[in-house]
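Trainee: show me the folded form of this:
(chains A, B, C and D)
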Protein chains: 2
Amino acid sequence: MPLERIVSTALQIVDDEGADALSMRTLAQRLGSGTATLYRHFDSRTALVAHVVDRMFGAVDLNGDELRAMGWQQALRTVAHTMFEALARHRNAARLMAEEIPLGPNAMALREHCLAALLGSGFPPRLAAHTFATLARYVLGFAIQVNGHGGGGQRDDAHLSAVFQSADPVLFPATVTVAGSMPVPIEDEFSFGLELLLSGLAHLRDDA
Amino acid sequence: MPLERIVSTALQIVDDEGADALSMRTLAQRLGSGTATLYRHFDSRTALVAHVVDRMFGAVDLNGDELRAMGWQQALRTVAHTMFEALARHRNAARLMAEEIPLGPNAMALREHCLAALLGSGFPPRLAAHTFATLARYVLGFAIQVNGHGGGGQRDDAHLSAVFQSADPVLFPATVTVAGSMPVPIEDEFSFGLELLLSGLAHLRDDA
DNA sequence: ACCTGAACACCGTTCAAGT
DNA sequence: ACCTGAACACCGTTCAAGT
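Mentor: This is a model prediction of the structure:
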């Protein structure tokens, strides 16, 4: 039983049926095996999940040299958007990352490429570390909160907008005023904040 | 059995023993009752969790008038830090928010005060909505990823730093270079990104 | 050596039966 | 009306027993 087959089957279950549907029993059954067999490949469910998470990062294949060539600002933009897309493509799986800082081989490679681009553009190590940490957590924080359509998650945006629109105008005048613009589509929200971060970084470097 | 007692007991369990320790059985037992009784007050575990989440937002008591008086930049800084502290105080509970946009009364009040301050400073409704959405998700994204010390979560920072320091210098030269600055303490990371966002917003308004 | 059925100690949720 | 024990259909994990 190849380890790779276990991991990709697990990711498929999460994609198709939601994060909660991934149980050791379901997975074993889909593989035509028993739960105990899985424990011969992974110490625990947590270890299995870590592999599934890193598999998602595998879809992010950024060329280190190209990244260095495009300048730090465009490099960060590219990394952020590519990461976000990779994680959003597996919306159900994203929340599996909530617990641990990803340390799998693919996550390590991504971090390396990004840090190299920053150092190459003259960022001091400390600033590079802060910048990557903030960017990564920004992307992960967004991806985690993207609600899958699978399990009984959040009501859809139309319903949510109605909730804000129908709030008591005496208690919530400002909320009602902006209700037409809420909720902000997650992609817009993501890009808006990302550009703010990049603009802030640019001015920070101009001042230095 | 007052509903308030159920919610505060539930939050206490999460604080003390981690999010996973909150089961309907454990909660019922702690209350000297049965699980079926809980279902007479809440439709499901999810509904209970929503109340626990809003209870955390209850600790964020910001005066709307004071907020409006301090200008949008300081107002956003205050809201973000106060929210972050309230959520970090219940690190184990923060991840309970991952699924849904908080809509409880305390969360609604917080949103209203913040939006009112932005509109009062001349933000157009759309920009106000985008700004609040981005800020809120930024804070929640951070708070969710703060790893509790309870359940068997991430290794501590010292161990994590050692992992980066001992990475292969041929494969990961940039990572090893900045290893001394990683991992970035979460509070520093939070403030760093928050100031970038505020700086970006300030320049966006200067241009307009 | 590698695999697995069956068990252990848990879950969320429901419902008939009690007061 | 309000509460609850016991059950149902699940979990993650382990281990003695099979091949």
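
Trainee: quick one: the single nearest residue of chain A relative to DNA strand C from chain B, how far?
Mentor: With C-beta to the nearest atom of the strand, the shortest gap between chain A and DNA strand C falls at residue A:36, namely 3.0 Å. Every C-beta, even on glycine, is put in place using the N, C-alpha and C of the backbone. With distances taken as C-beta to the nearest C-beta, to the nearest Å, residue A:36 is found 22 Å from chain B.

Trainee: can you give me the helices in chain A?
Mentor: Listed in chain order, the helices of chain A (DSSP state H) span A:3-17, A:24-30, A:35-38, A:45-58, A:64-69, A:72-89, A:91-94, A:105-120, A:125-145, A:157-165, A:173-178, A:186-207.

Trainee: starting at the chain centroid, how far to the second one?
Mentor: Translated: helix A:24-30. Distance of helix A:24-30 from the chain centroid (C-alpha atoms, centre = their mean, to the nearest Å) equals 26 Å.

Trainee: kindly report the same for the last one.
Mentor: For helix A:186-207, the distance between its averaged C-alpha position and the chain's averaged C-alpha position is 18 Å (C-alpha atoms, centre = their mean).

Trainee: export that helix as PDB, just CAs?
Mentor: The C-alpha coordinates for helix A:186-207 follow below in PDB (Å, rounded to 0.1, in the frame of the first residue of the first chain):
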ATOM      1  CA  ILE A 186     -13.500  36.900  -0.200                       C
ATOM      2  CA  GLU A 187     -11.300  37.300  -3.200                       C
ATOM      3  CA  ASP A 188     -11.800  41.100  -3.200                       C
ATOM      4  CA  GLU A 189     -11.200  41.200   0.500                       C
ATOM      5  CA  PHE A 190      -8.000  39.200   0.100                       C
ATOM      6  CA  SER A 191      -6.600  41.400  -2.700                       C
ATOM      7  CA  PHE A 192      -7.500  44.600  -0.800                       C
ATOM      8  CA  GLY A 193      -5.600  43.600   2.300                       C
ATOM      9  CA  LEU A 194      -2.700  42.200   0.400                       C
ATOM     10  CA  GLU A 195      -2.200  45.500  -1.500                       C
ATOM     11  CA  LEU A 196      -2.400  47.400   1.800                       C
ATOM     12  CA  LEU A 197       0.300  45.200   3.200                       C
ATOM     13  CA  LEU A 198       2.500  45.600   0.100                       C
ATOM     14  CA  SER A 199       2.000  49.400   0.100                       C
ATOM     15  CA  GLY A 200       2.800  49.600   3.800                       C
ATOM     16  CA  LEU A 201       6.000  47.600   3.100                       C
ATOM     17  CA  ALA A 202       7.000  49.800   0.200                       C
ATOM     18  CA  HIS A 203       6.800  52.900   2.400                       C
ATOM     19  CA  LEU A 204       8.600  51.200   5.200                       C
ATOM     20  CA  ARG A 205      11.500  50.600   2.800                       C
ATOM     21  CA  ASP A 206      11.400  54.100   1.400                       C
ATOM     22  CA  ASP A 207      11.800  55.500   4.800                       C
END
